[in-house]
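A.B. asks: model this:
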Amino acid sequence: MHKKKKRLIIRTIILSVLVLTLIGVLYVNFSNERPVVAEGDEAPNFKLNRLDVEGETIELKDLEGKGVMLNFWATYCEPCKEEMPYMDELYQEYKDKGIEIVALSVDSNEFVINNFYNKLGLSFPSVHDKNGTVMEAYDIVPLPTSFFVNPDGTIERVVKGALTLERLEGYLQEILPTS
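C.D. replies: This next block holds a predicted model:
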């Protein structure tokens, strides 16, 4: 009888710890400690190292006056791979019209990112969010997620999921500088 009582106490303690852990996880996930970045908000600034040009950085505030597409992606994301050629095709057409496309990779390995980037022959700027700080600031779920930022720095549109060529072109039209 003594063994059964001891087992019951241990099980009760374990169950209590699990319940408290669950309550903690739910609190952290559902408490609104940080605001979600939404359409109409100012795009949070960031400064990251470029992967495609050694020794250079991209800071979002330096792109003010241009329409900017921020594309969060990863090499393991199949929909990301599908939209990259569309982004490159339209970048060639829109870069001289005041549009900048910045691909923010959330992969852990720069070598893998560069191989992927070079294999597709992509020409738009690529940066590495190796610590996930920008991804966290923009509250990115799922990949890919794209933010279309007006020349004044406000977010015009947030698109979660892959883009078709036609949709992408329409969104770039929305953020074209007027002058």
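A.B. asks: When you work out contacts or count neighbours from here on, use the C-alpha atoms and nothing else.
C.D. replies: Will do.
A.B. asks: Below-threshold pLDDT in this protein: ranges please.
C.D. replies: Counting by pLDDT under 70, the low-confidence segments of the chain come to 1, 25-35, 179.
A.B. asks: Now do the SS call for the residue nearest to the spatial centre of it.
C.D. replies: What sits nearest the mean C-alpha location of the chain, by C-alpha atoms, centre = their mean, is residue 72, with 3.2 Å. Of the three states, residue 72 takes strand according to DSSP: H, G, I helix; E, B strand; the rest coil.
A.B. asks: Look at the residue lying closest to it once chain neighbours are set aside and say how many residues are nearby.
C.D. replies: Counting by C-alpha to C-alpha, 6 or more residues apart in numbering, the nearest residue to residue 72 once its immediate chain neighbours are dropped is residue 104, at 4.8 Å. As a burial measure, residue 104 scores 25 neighbours (other C-alpha atoms under 10 Å).
A.B. asks: quick one: the residue nearest to the centre of the chain and residue 48, what's the gap?
C.D. replies: 13 Å (C-alpha to C-alpha, to the nearest Å).
A.B. asks: Please apply the same query to residue 112.
C.D. replies: As defined by C-alpha to C-alpha, residue 112 lies at a distance of 18 Å from residue 48.
A.B. asks: Pull out the buried positions in the top helix by length along the chain.
C.D. replies: Longest helix of the chain, by residue count under DSSP state H: helix 2-30. Neighbour counts using 16 or more other C-alpha atoms under 10 Å place no residue of helix 2-30 among the buried ones.
A.B. asks: roughly how far out does it sit from the chain middle?
C.D. replies: From the chain centre to the centre of helix 2-30 is a distance of 36 Å (C-alpha atoms, centre = their mean, to the nearest Å).
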